[in-house]
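[1] Next input, structure requested:
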Amino acid sequence: MTTGFLREAVISVAVWSAGDFFAQFYHAHREAAQRRLERGEKRRGERPSAGQMAEMLDKPRVGLSAAFGLAISPFVVQYRRLCIRSLGHTERRMLAAFMTLSVQQFFMTPLTLLAYHNAITACRGGFTSPSFLRAHETSAQTGGRYDAMSVERRILSDLLPLTLVASWFVYLPLYLLAYASARHARGVCAAACLIPWTAYVSHIQSTLML
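    Residues are numbered from 1 along each chain as shown. This is a model prediction of the structure:
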């Protein structure tokens, strides 16, 4: 049992921290490309070294994502065990695979995303200083109010739909694999699917919120 928790903790920390790293990497390169395009310049000079890129990295932000991955790992393990006990294994069982995917996408994934967006926003001071919403919304949209409820409304109406829809491109293939094979998608295979998604989640969080 302990081995299962440790394994899930390592994978979860790696997936969420790597996703945030790649989101930062993409954002930095996109901004640099936009600046060059606005000035009509071509890329000149050498690429930044590994040390320079490490200095540009927002390490506390990566740490927050890693901490979130660690925090949710026990719940993920218990959730999977509960699904197996109540719905059974998914190999060659279409109804079990469909039910497990439905529970994942209509319960577990929305809760995970809601927890992530709220936790990261809270850790970055979004709920204590909600005036940052002025950069994203007009006073007409918020009714002239910038409070914690305005922040929560933005998470539910603007962030959650985007990241939840994107999750289908990850979990649908994973559950199809779980249906077709006795070997569930874990480890490297799961990370290959999940890291691009967590990178997108982190990108949406940083660009549309904080």
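[2] make it CA atoms for all contacts and neighbour counts henceforth
    Noted.
[3] Look up the closest residue to V76, ignoring the ones flanking it.
    Distances taken as CA to CA, 6 or more residues apart in numbering place E8 nearest to V76, at 7.9 Å, with adjacent residues excluded.
[4] and the helix or strand that neighbour falls within, which residues are buried?
    Secondary structure from DSSP states H and E places E8 in helix 2-39. The neighbour-count check on helix 2-39 (16 or more other CA atoms under 10 Å) flags 5, 8-9, 11-24 as buried.
[5] Packing partners of it?
    helix 59-87, helix 187-208 (3 or more CA pairs under 8 Å, 6 or more residues apart in numbering; DSSP states H and E).
[6] Tell me the helix or strand right after the helix or strand that contains R154.
    Under the criterion of DSSP H and E, R154 resides in helix 148-154. On the C-terminal side of helix 148-154, the nearest following helix or strand under DSSP H and E is helix 160-180.
[7] ok, and what's touching that next one?
    Residues outside helix 160-180 that contact it (CA atoms under 8 Å, 6 or more residues apart in numbering): 90-94, 97, 101, 105, 109-110, 113-114, 184-185, 190, 193-194, 197, 200-201, 204.
[8] Now do the helix holding E8 against helix 187-208, angle only.
    Helix 2-39 and helix 187-208 are oriented at 50 degrees to each other (axes from the mean of the first three to the mean of the last three CA atoms, to 10 degrees).
[9] what's the average pLDDT for the helix holding R154?
    The average pLDDT for helix 148-154 rounds to 84.
[10] buried set for that helix?
    Of the residues in helix 148-154, 148, 150-152, 154 count as buried by neighbour count, 16+ other CA under 10 Å.
[11] of those residues, closest to L208?
    Set against L208, the nearest of the buried residues of helix 148-154 by CA to CA is R154 (8.9 Å).
[12] need the contact list for E91.
    97, 178-182.
[13] That should have said A191, apologies.
    Contacts of A191 (CA under 8 Å, 6+ apart): 11, 15.
[14] do the same with the one 5 residues further on
    Applying CA under 8 Å, 6+ apart, we find P196 in contact with G19.
[15] if I look at it, how far off is T128?
    30 Å (CA to CA, to the nearest Å).
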